[in-house]
Each structure stands twice: as structure tokens, then as C-alpha cells.
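J.: Whatever this is, show me its structure:
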Amino acid sequence: MRFPFHITMDSIKHQVRNAAKGNKRYPMVMMLEPLYTCNLACLGCSTERHTGKLKDRVALDDCLKALDACGAPIVSICGGEPTLYPELKELIDAIVARKRHIYLCTNALLLDEKVFGKIPPRKRLTINIHLDGMRDTHDKVCNRKGVFDKALAMLREGKRLGYHMYTNTTVFRETSMEEVEELCNVCVEAGVDGMLIAPGYHYETVAHDIFLTQHEITEKFKRVLELSKKYRLSSTPMYLEFAAGMRNYKCSPWSTVTYTPKGWKGPCYLIGKQFYESWDEFWNTVDWAYWESRQDALCQNCMMHSGFEASAVFELKHSPRDMVRMAAWNLLG
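T.: From the prediction side, this is the model:
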């Protein structure tokens with residue numbers, strides 16, 4: 001299977017439970033940013049994610065209270081750089097004990113010091129390494145030499161030690177799609193379990209003009225769609241067709257909710273119009289219908305998986321053909 005059986009089944013059960021309750025909106029993924037502290041200052045990252053102080057991190061208990069409040073079956077631990085979070089082992093242990101699934105999103109620089117040998121491999125933990133291109137490109141984006149080589153070495157070491165290993169690649173305006181295919185080959189040779197390729201989102205606090213317009217996204221993702229027939233990409237065929245301009249979906253900003261050192265981020269992972277202290281205030285205050293409509297100026301060039309993968313999945317019920325395609329994609333991928 002493209003996704004492990006337990007992740008697939010828990011996601012389906014979560015959808016069935018919410019459907020039985022009559023819920024039309026509910027989180028599938030919680031983006032947990034326990035800190036803004038980072039050991040890199042990447043060109044495409046919002047500034048708060050590499051200027052935060054470690055002392056301002058979210059307390060372990062508050063991370064778990066947020067997870068319990070939202071109920072998402074999948075937790076993406078990001079940041080900042082999550083391997084810098086002093087309570088990372090305790091956090092992962094507690095999330096696993098709750099039978100949730102974890103994607104640890106990392107630049108990989110500290111995996112050998114903070115994770116390998118300290119946090120054992122387990123079926124509910126996936127390590128997701130950020131790789132934005134081959135050596136010169138990735139090191140340029142990270143603004144530091146040697147990052148690519150370390151990340152690739154950690155990918156290989158993680159596989160050797162028995163971890164479930166993914167990569168995450170952001171496509172920018174100057175990204176060469178030939179280079180993306182070269183990167184896919186390198187990752188496959190290293191034994192990667194899956195690869196996510198996503199269009200970059202233009203954070204308001206990023207000064208560099210490196211992001212894609214909607215037209216540029218669709219042109220580049222026509223090639224990504226072709227690559228998905230050759231490589232084990234984790235994006236669904238329906239989402240990739242959307243990103244390639246072949247489908248149209250409303251956004252599902254509520255499907256991926258984000259908890260940060262500032263509280264719940266609204267309306268979505270990408271746009272921080274307001275931060276909320278409590279889950280109830282966040283969930284009941286954000287104008288979800290407005291943000292679903294994609295009419296806001298900040299949404300015009302956004303085709304991010306965090307907002308549209310769930311839309312693609314939720315629309316499956318209207319197309320038996322797509323349901324069959326999705327099942328085959330997961331079972332045979």
C-alpha cells in the first residue's frame with residue numbers, strides 16, 4: 001500500500017465517525033508547531049519560524065491538550081525545527097499512546113543527535129525530510145552549504161535503522177522540473193518510502209519573490225502529474241490533477257489546523273490573520289465559508305495540499321470512478 005494500512009484505516013474511521021455525527025467540517029491533520037526556533041533561515045520560510053526563542057516554546061501539556069481538543073488522527077510536528085524541542089521524545093511517546101500518527105518534519109541536521117538512538121522506530125512515526133532540490137539548489141534555499149549532503153545521509157541512515165522515511169519538496173518559481181525528477185531518482189535510490197511535492201505558498205513575511213502564480217503552478221504540476229506515474233508520490237491523483245489545472249475544488253482550510261506558540265492559527269496553516277487561545281473560540285469564530293470560497297486576495301495563488309487534499313478526498317463520494325482510482329492508487333502504489 002502507498003500508505004500503511006493502519007494510517008489508511010484510522011483516517012477512514014475518523015471520516016465515518018464524523019459523518020455519523022453529521023459533521024461536514026472536521027480536522028484530518030493537526031500541524032503542531034511546538035516552537036518557532038530553527039537552526040536554519042531558509043529563503044522560502046516565514047520569518048517567525050527562524051527567529052523564535054526556545055524559552056517561548058509550547059509546553060508539553062499544552063501540546064497534548066490542543067491535540068485532544070481537535071481530535072485529528074494525524075499530527076505533523078513542525079516548527080521551527082522540531083528536533084530542537086527539548087521534550088520531543090515525551091511528545092512523540094504521548095501522541096503514539098493516543099494512537100495518532102506522526103509526521104516529524106525536519107531539515108535532518110540533528111536527526112543523528114536528537115532522534116536516532118533516542119526515539120525508536122515505530123509504526124506510527126514517519127520522519128519527513130525537507131529537500132528542495134539537488135545539492136546547489138537545496139543549499140541555496142537553506143542559505144547554508146552542506147545541508148543537502150547531511151539530509152541525504154540522514155535519509156539513508158534512517159532507512160538503515162528501520163524508520164519510515166519521507167521527503168518533502170517545495171516547488172518555487174525557479175525550480176527546474178528536470179531537477180525535481182533527478183531528486184526523485186536520488187531519493188528512490190536512498191530507499192525513501194514516499195515523496196511529497198508541493199507548490200510553495202507566498203508567506204506575507206517573506207521578502208524574496210520566489211513563489212509561483214496559479215498559472216505557473218499548473219504548468220509545473222502538469223510535469224509533477226507525469227512524475228507521479230513513475231515515482232511513489234504521496235499526493236493523490238485528484239489533488240495533482242487540481243494542481244495541474246484539470247480540476248477545481250473549494251478549499252478545506254478546516255481540514256488542517258495549526259497550533260503554535262501563539263495559539264491556534266486562523267484561518268489556516270498558511271494564513272495567520274488571527275491567533276486564538278482556545279480551540280472552541282478558534283473553531284467557532286473563523287468564517288470557514290468565506291475561506292472555503294478562495295475569494296480572499298491571499299488565496300488567489302494558493303494550491304497547497306494542506307487546503308485541497310481533503311477537498312479532493314471529500315469529493316470522492318460524488319464520483320464512483322474516482323473512488324475506484326483512489327483505491328487502486330493506494331493499494332497498488
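J.: Show me the strands in the protein, by range?
T.: For the chain, applying DSSP state E gives strands covering 29-32, 74-77, 101-106, 125-130, 164-171, 194-199, 256-260, 263-267, 272-276.
J.: Need the contact partners of the longest one.
T.: Read that as strand 164-171. The contact list for strand 164-171 (C-beta atoms under 8 Å, 6 or more residues apart in numbering) reads 4, 44, 103, 105, 121, 123, 125-133, 155, 158-159, 180, 183, 187, 191-200, 212, 217, 220-221, 224, 234. The way it works is simple: take the backbone N, C-alpha and C, and place the C-beta from them, glycine included.
J.: neighbouring strands for it, and are they parallel or not?
T.: strand 125-130 (parallel), strand 194-199 (parallel) (DSSP bridges).
J.: per-residue confidence averaged over the first one?
T.: Which is strand 125-130. Strand 125-130 shows a mean pLDDT of 98.
J.: Over to stretch 15-28?
T.: The average pLDDT within stretch 15-28 is 96.
J.: Please apply the same query to stretch 133-146.
T.: Computed over stretch 133-146, the average pLDDT equals 94.
J.: and the nearest residue to residue 267 once chain neighbours are set aside, how many neighbours does it have?
T.: If the residues on either side of it in the chain are set aside, residue 267 comes closest to residue 291, at 4.5 Å by C-beta to C-beta, 6 or more residues apart in numbering. Residues near residue 291, counting by other C-beta atoms under 10 Å, number 23.
J.: Please report the distance of residue 291 from residue 269.
T.: Separation of residue 291 from residue 269 (C-beta to C-beta, to the nearest Å): 12 Å.
J.: Ok, residue 81 next?
T.: Where residue 269 is concerned, residue 81 sits at a distance of 17 Å (C-beta to C-beta).
J.: Could you do residue 168 as well?
T.: From residue 168 to residue 269 the distance is 13 Å (C-beta to C-beta).
J.: do residue 188 as well
T.: For residue 188, the distance to residue 269 - C-beta to C-beta - is 28 Å.
J.: Ok, residue 198 next?
T.: Taken as C-beta to C-beta, the span from residue 198 to residue 269 is 12 Å.
J.: any shared contact partners between those two?
T.: With C-beta under 8 Å, 6+ apart, residue 198 and residue 269 have common neighbours residue 304.
J.: hmm, back to that, which stretch among the strands of the chain is buried most, on average?
T.: strand 256-260 (a mean of 26; mean count of other C-beta atoms under 10 Å).
J.: Just give me how far it sits from the chain centre.
T.: Relative to the centre of its chain, strand 256-260 is centred 11 Å away, using C-alpha atoms, centre = their mean, to the nearest Å.
J.: Tell me the strands beside that strand, with direction?
T.: By DSSP bridges, strand 256-260 pairs with strand 29-32 (parallel), strand 263-267 (antiparallel).
J.: Residue 274 is nearest to which of these?
T.: Closest to residue 274 of the strands paired with strand 256-260 is strand 263-267 (C-beta to C-beta; 5.0 Å).
J.: Give me the contacts around the closest one.
T.: 66, 253, 257-259, 272-279, 281-282, 285-288, 291.
J.: on that earlier part again, could you measure the residue nearest to residue 267 against residue 315, distance?
T.: To residue 315, residue 291 is 18 Å away according to C-beta to C-beta.
J.: again, but for residue 68
T.: 29 Å.
J.: and what of residue 123?
T.: In terms of C-beta to C-beta, residue 123 sits 29 Å off from residue 315.
J.: Counting neighbours, go ahead and name the busier of the two.
T.: More crowded of residue 123 and residue 315, by other C-beta under 10 Å: residue 315, with 16 against 12.
J.: Could I get the contacting residues of residue 189?
T.: Contacts of residue 189 (C-beta under 8 Å, 6+ apart): none.
J.: typed the wrong thing, it's residue 228
T.: 235, 237, 240.
J.: show me what contacts the last one?
T.: Residues touching residue 240, when contacts are defined by C-beta under 8 Å, 6+ apart, comprise 221, 224, 225, 228, 233.
J.: what do you get for the first one?
T.: Contact analysis of residue 235 by C-beta under 8 Å, 6+ apart lists 196, 197, 198, 224, 228, 243, 305, 309.
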